[in-house]
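**Student:** Have a look at this fold, sequence not included:
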């Protein structure tokens, strides 16, 4: 099974779908595909530098999204998102996708 690397963001609609899903096999496949990335010392250092750089350039993306970007940068991972503002983060690999593609990523595992 292909592993999907995600930070701690679960979208409300998708998590509602998973929590209401009666087919336990689907829930188990989704959970098995997740890799939890740490908010560790390295990610915290990256967060401080990233946050300061974005603020000084007048390009804040929001503290929680800065944490997500910092974890991805510290772990050398790509972000798959619908939020284009992640493109403001230098060095971050961002795959922008629509809602239907997010459903495919999560539920066709």
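**Tutor:** Yep, that arrived. This is a predicted model, so every value here is computed, not measured.
**Student:** list the buried ones in the longest helix seen in the chain?
**Tutor:** Taking DSSP state H as the criterion, the chain has its longest helix at helix 41-56. Within helix 41-56, the residues scored as buried using 16 or more other C-beta atoms under 10 Å are 43, 46, 47, 50, 51, 54. Glycine gets a C-beta too; all of them are placed from N, C-alpha and C.
**Student:** Point out the other helices and strands that it packs with.
**Tutor:** Packing partners of helix 41-56 (3 or more C-beta pairs under 8 Å, 6 or more residues apart in numbering; DSSP states H and E): helix 63-74.
**Student:** what mean pLDDT does the helix it packs on have?
**Tutor:** In this model, helix 63-74 has an average pLDDT of 94.
**Student:** After it, which helix or strand is next? Please name it.
**Tutor:** strand 79-81 (DSSP states H and E).
**Student:** rewinding a little: how many degrees apart are the longest helix of the chain and helix 63-74 in direction?
**Tutor:** Relative orientation of helix 41-56 versus helix 63-74 (axes from the mean of the first three to the mean of the last three C-alpha atoms, to 10 degrees): 130 degrees.
**Student:** Show me what helix 41-56 is in contact with.
**Tutor:** Helix 41-56 is contacted by residues 37, 60-61, 63, 66-67, 69-71, 73-75, 88-90 when judged by C-beta atoms under 8 Å, 6 or more residues apart in numbering.
**Student:** Where does pLDDT dip in the protein?
**Tutor:** For the chain, the stretches with pLDDT under 70 are 1-27, 30, 98-109.
**Student:** go with 80
**Tutor:** Across the chain, the ranges flagged by pLDDT under 80 are 1-35, 96-109.
**Student:** would you say residue 91 is within a strand?
**Tutor:** No: counting by DSSP: H, G, I helix; E, B strand; the rest coil, residue 91 is located in no strand; its state is coil.
**Student:** how many other residues sit next to the nearest residue to it once chain neighbours are set aside?
**Tutor:** Leaving aside its chain neighbours, residue 91 sits nearest to residue 73 (6.3 Å; criterion: C-beta to C-beta, 6 or more residues apart in numbering). Counted with other C-beta atoms under 10 Å, residues neighbouring residue 73 total 21.
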